[in-house]
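> 3D, please:
(2 chains)
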2 protein chains.
Amino acid sequence: MPTFPTQFPVEPRIGRIKGFKAAGIHAGYKKDGALDFALIYSETPCVTAGVFTTNLVKAAPVLVDMERLRANSTGIRAVVVNTRCANACTGQQGIDNALMMARWTAERLGIREDEVLVMSTGVIGTQLNMDIIRRGIDLAADALADDETAWANAAAAIMTTDTRPKAASVKPDNAAYAIGGIAKGAGMIAPNMATMLGLVVTDAQIDDPHAAHALLTKAAAVSFNCISVDGDTSTNDTLLLLANGASGEAPQYNPFSEMLRDVCLRLAVEIVRDGEGATKFIELVVMGAGGGERAIANTIATSPLVKTAFYGSDPNWGRIVAAAGRAGVEVDPMQMRLWIAPWDEAEGELLLFENGAPTAYDEARAVGIMAGANIRVRLECGRGTGSATVYTCDLSHDYVSINGHYRT
Amino acid sequence: MPTFPTQFPVEPRIGRIKGFKAAGIHAGYKKDGALDFALIYSETPCVTAGVFTTNLVKAAPVLVDMERLRANSTGIRAVVVNTRCANACTGQQGIDNALMMARWTAERLGIREDEVLVMSTGVIGTQLNMDIIRRGIDLAADALADDETAWANAAAAIMTTDTRPKAASVKPDNAAYAIGGIAKGAGMIAPNMATMLGLVVTDAQIDDPHAAHALLTKAAAVSFNCISVDGDTSTNDTLLLLANGASGEAPQYNPFSEMLRDVCLRLAVEIVRDGEGATKFIELVVMGAGGGERAIANTIATSPLVKTAFYGSDPNWGRIVAAAGRAGVEVDPMQMRLWIAPWDEAEGELLLFENGAPTAYDEARAVGIMAGANIRVRLECGRGTGSATVYTCDLSHDYVSINGHYRT
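Numbering: from 1, shown residues only, chains lettered A, B, ... in the order given. Predicted coordinates for the structure are as follows:
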């Protein structure tokens, strides 16, 4: 599988990041003894930013973290994460349990309660098993370490329907600091075992929490907010950035922003590649739609007909053009041009559609491109210079199996 | 399978409707000799109304019909329909072919060219085979008849991925006129063989084309515009109403409006029941969402996670609540209540969710309801008295098979 190009050399693992420790252990949620509970700890308080689900049905840990970050965005020291239970749609008891999870973590680590954030992912509508949570906190606190293995365990411990852990880091040659992140995804929604959680840490020194929030929001806008597995939005989606300043270096804004973007992009792309039932990765670029590029890209990326066509390796340009036509954006099919390309750019793009009709393209070559595991699609609508990119995957029989028969 | 309740006794067939003739024949598009070409003819000019796809990528026959109805909404006499080729994304040649199809039909029937409308459904991006069209017109004109068999043949001839023909009629006891309609659906989009086409005729006397349009728009709003198979919108979707006045009776507005609605509703429901790969029929009612009821209903009805849960007979209320939370409508999960019910209303509804958390519902009963082939879902959001209903189906392995491997 080709790697996704980023501006900086992103590693699919995390080495030491000064002042941070991580742990991933088995607390008792997953039946097979697999890692199911993670803890991230900073020796010193972190300037912290968070981006949370836009779903109005927000899980208890999301509500708790949002409130906590409003009050304390400069002193976070730990993030505790459980899987198998989303603690969503759990009423007041869910809030109380999330607060208790943070309190126990603080007590065990000898820090203040308001220095702890919580994350949960898993089944909606069931309460946390607080015996498992308590055991998880104890075991994870004992296991905290600052090496690559500890981070790998943390990445594995937050998985739900993910088939592989997701980690990424950047350590620039000419700087003292590093950025590292872990994430989990699979589907885009929590009700059953599939939420986007992302946790990025850096030992760079960022004193202003508003700057941290701006950096994270900007990075999320071109990474986690550009991916789509099934178009659903979880009750639990959370992305956090913790900066503890332990490197002593205050980074320049632009290169740090780009590095953060690259780490987030790599994690986001890995989430799509590992989407529930996904067999193909699709990079979709929509250009020149008078400001409606993202609306069109999202409509195409969530169309079941487009996604099943990719699954079937069918160069069905008609479904893509038709999805663009119903996106609620003013477009003229006569001005549209649509290309597909294999991942290896050297082979060039194949123009499928222009002037309101298909070109005389080589069907064998089109099928060949669509049969690849990585496909680029570009739609030019002829109105202006705007551009939006979405990363998505196909809709397969396995997606239906995973989501149709999960609880039964 | 239980029938869908309508106010008037809707028959799943069409008897004689004064002054109308129909035909469905094999022109040569379907390889197995199956019916693939239909013609509807009125002995006198019809006041005619049309409702067309909102997709900006409109097929040639849609563009031709829209233009023709603007110029002549009181004198339509024939509608000619082919399958297997949507004549969409076919440029100027597509327009020319649609016009030629109308002209040949007019010549063969001895009527004016501007008295003919055209419909096409099938694969996008290929030109009509005008030899087949010519043969279809000749054979269909010869086969025109006014009996039930002729209408049944017409209904069968417009099918694509439909597994059964769809026809409905109402003949009130105390009136001289009747209303009859045929439709085809399967998926909601044309690129490959799945477009919604509906054609309703009546011998009632409706002199004002604006009244006809108002009646049709009103009926469509609560029928064809309330169904969702996969959320995609075809390039070819067309619904026509032709009124030739041959009964000599000018109907009262209200009862006629309700009868027209019932015929359209029956056809629309049959389209959902026969949705691509559908194994379940779901009636979804959203209430009290401050005017956002339809937006929420549509979001739930197009959520892949909701639809796969129905396929798996999983009472996954969390996915429904979460879909409501991301619909872009201001809702408070604490105010939401969600019920499911079997088709037989006598068994009553089962409350799954209220006060932000699941109720202590009987899981076996919930699974039992979800295992049925017909399910009612009701979501109350606690803000006002608005209500919206959507009819939809589940998302199955067969949907993926049908749409993933259609052209290959």
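
> Please make it C-alpha for all contacts and neighbour counts, starting now.
Fine.

> Report the secondary structure element holding A:K307.
Here A:K307 sits within helix A:304-311, counting by DSSP states H and E.

> Quick one: name the residues of the stretch 301-408 of chain A near chain B.
A:303-305, A:308-314, A:316, A:318-319, A:321-323, A:325-326, A:330-333, A:355-358, A:395-397, A:400-401, A:403-408 (C-alpha under 8 Å from any C-alpha of the partner chain).

> how does it look with 7 Å?
The stretch 301-408 of chain A comes close to chain B at residues A:303-305, A:308-309, A:311-312, A:314, A:318-319, A:322, A:325-326, A:331, A:333, A:356-358, A:396-397, A:400, A:403-405, A:407-408, as judged by C-alpha under 7 Å from any C-alpha of the partner chain.

> Surely A:D203 is in contact with A:A246?
Yes: A:D203 lies in contact with A:A246 (C-alpha atoms under 7 Å); the separation is 4.9 Å.

> Would you mind listing what in chain A touches chain B?
The interface of chain A toward chain B, taken as C-alpha under 7 Å from any C-alpha, is made up of A:55-57, A:89-91, A:124-125, A:191, A:230, A:232-233, A:235, A:303-305, A:308-309, A:311-312, A:314, A:318-319, A:322, A:325-326, A:331, A:333, A:356-358, A:396-397, A:400, A:403-405, A:407-408.

> Okay, and which of those residues map to strands?
Counting by DSSP state E, the residues of chain A next to chain B place A:A357, A:P358 in strands.

> Buried among the residues of chain A next to chain B? Make that a PyMOL selection.
Buried residues among the residues of chain A next to chain B (16 or more other C-alpha atoms under 10 Å in any protein chain shown), as a PyMOL selection:
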select buried, chain A and resi 55+56+57+89+90+91+124+125+191+230+232+233+235+303+304+305+308+309+311+312+314+318+319+322+325+326+331+333+356+357+358+396+397+400+403+404
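
> Name the single longest helix found in chain A.
Once chain A is assigned using DSSP state H, the helix that runs over the most residues is helix A:253-273.

> Contacts for that helix next, please.
If you take C-alpha atoms under 7 Å, 6 or more residues apart in numbering or on different chains as the criterion, helix A:253-273 is touched by A:6-8, A:10, A:166-170, A:179, A:181, A:183-186, A:215, A:219-220, A:223-224, A:227, A:229, A:281, A:391-393.

> Could you list the buried residues of that helix?
Residues A:256-273 are the ones in helix A:253-273 that count as buried (16+ other C-alpha under 10 Å).

> show me the residues around A:A23 that make contact.
Contact analysis of A:A23 by C-alpha under 7 Å, 6+ apart lists A:A38, A:L39, A:I40, A:A140, A:A143, A:L144, A:A145, A:A150, A:W151, A:N153, A:A154.

> Specify the beta-bridge partners of the third one.
Under DSSP bridges, the beta-bridge partners of A:I40 are A:A22, A:V79.

> the strands in the stretch 151-300 of chain A, which residues?
Ranges of strands in the stretch 151-300 of chain A, per DSSP state E, counting those that start in this stretch, are A:166-170, A:179-184, A:197-202, A:227-228, A:238-243, A:281-289.

> Check these for me: which has the lowest mean pLDDT.
Lowest mean pLDDT within these: strand A:227-228, a mean of 78.

> on contacts alone, who are the packing partners of that one?
Under the contact definition 3 or more C-alpha pairs under 7 Å, 6 or more residues apart in numbering or on different chains; DSSP states H and E, strand A:227-228 sits against strand A:387-393.

> Sheet-wise, list the partners of the strand it packs on with their directions.
By DSSP bridges, strand A:387-393 pairs with strand A:227-228 (parallel), strand A:281-289 (antiparallel).

> Please tabulate those strands in CSV, including the columns distance to A:G384 and mean neighbour count.
Conversion of those to CSV gives the following (distance: least, C-alpha to C-alpha, whole Å; neighbours: other C-alpha atoms under 10 Å in any protein chain shown):
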stretch, distance to A:G384, mean neighbour count
strand A:227-228, 24, 24
strand A:281-289, 4, 23
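
> Turn those into a markdown table, including distance to B:G348.
Shown next, in a markdown table, are the strands paired with strand A:387-393 (distance: least, C-alpha to C-alpha, whole Å):
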| stretch | distance to B:G348 |
| --- | --- |
| strand A:227-228 | 38 |
| strand A:281-289 | 45 |
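
> Most distant residue from the centre of chain A?
Taking C-alpha atoms, centre = their mean, the residue of chain A most remote from its mean C-alpha position is A:A360, at 38.9 Å.

> Near A:I111, how many other residues are there?
Neighbour count of A:I111, defined by other C-alpha atoms under 10 Å in any protein chain shown: 17.

> A:C46 is nearest to which of the strands of the stretch 151-300 of chain A?
Minimum separation from A:C46 across the strands of the stretch 151-300 of chain A (C-alpha to C-alpha) falls at strand A:238-243, 4.9 Å.

> relative orientation of the closest one and strand A:179-184 in degrees?
160 degrees (axes from the mean of the first three to the mean of the last three C-alpha atoms, to 10 degrees).

> Poorly predicted segments of the stretch 201-350 of chain A, please.
For the stretch 201-350 of chain A, residues meeting the criterion pLDDT under 70 lie at A:229-233, A:345.

> Give me the buried positions along stretch A:149-167.
A:149-162, A:165-167.

> So between A:D203 and A:A246, which is more surrounded?
Between A:D203 and A:A246, counted using other C-alpha under 10 Å, A:D203 has the larger neighbour count: 26 against 21.

> Return the residues in contact with that one.
For A:D203, the contact set (C-alpha under 7 Å, 6+ apart) comprises A:I17, A:K18, A:Y177, A:A178, A:A243, A:N244, A:G245, A:A246, A:S247.

> From chain B, how far out is it?
Distance, A:D203 to chain B, using C-alpha to the nearest C-alpha, to the nearest Å: 35 Å.

> next one: A:E148
Per C-alpha to the nearest C-alpha, A:E148 is found 35 Å from chain B.

> cool, and A:G386?
Separation of A:G386 from chain B (C-alpha to the nearest C-alpha): 20 Å.

> The nearest residue to that residue once chain neighbours are set aside: what's it in contact with?
Spatially, and ignoring its direct neighbours in sequence, A:G386 is nearest to A:G288 (5.0 Å; C-alpha to C-alpha, 6 or more residues apart in numbering or on different chains). Going by C-alpha under 7 Å, 6+ apart, A:G288 touches A:E380, A:C381, A:G382, A:R383, A:G384, A:T385, A:G386, A:S387.

> burial measure for the last one, as a count.
Using other C-alpha under 10 Å, A:S387 has 18 other residues around it.

> does it have beta-bridge partners, and which?
A:M287.

> For it, which residues are in contact?
Contacts for A:S387 (C-alpha under 7 Å, 6+ apart) come out as A:V285, A:V286, A:M287, A:G288, A:E293.

> I'd assumed A:V377 was in contact with the first one.
This means A:V285. Yes: counting by C-alpha under 7 Å, A:V285 does reach A:V377; the two are 6.2 Å apart.

> Roughly how far does the spatially most central residue of chain A sit from A:N403?
With distances taken as C-alpha atoms, centre = their mean, A:A268 lies nearest the centre of chain A, 4.2 Å away. Computed with C-alpha to C-alpha, to the nearest Å, the distance linking A:A268 and A:N403 is 21 Å.

> A:L39 too?
A:L39 is 29 Å from A:N403, where distance means C-alpha to C-alpha.

> quick one, helices of chain A?
Using DSSP H, the helices found in chain A span residues A:60-71, A:91-109, A:130-143, A:148-157, A:209-221, A:253-273, A:293-302, A:304-311, A:317-325, A:363-370, A:397-404.

> and A:T105, how many residues sit next to it?
Neighbourhood size, A:T105 [other C-alpha under 10 Å]: 29.

> got a list of what it touches?
For A:T105, the contacting residues are A:I137, by C-alpha under 7 Å, 6+ apart.
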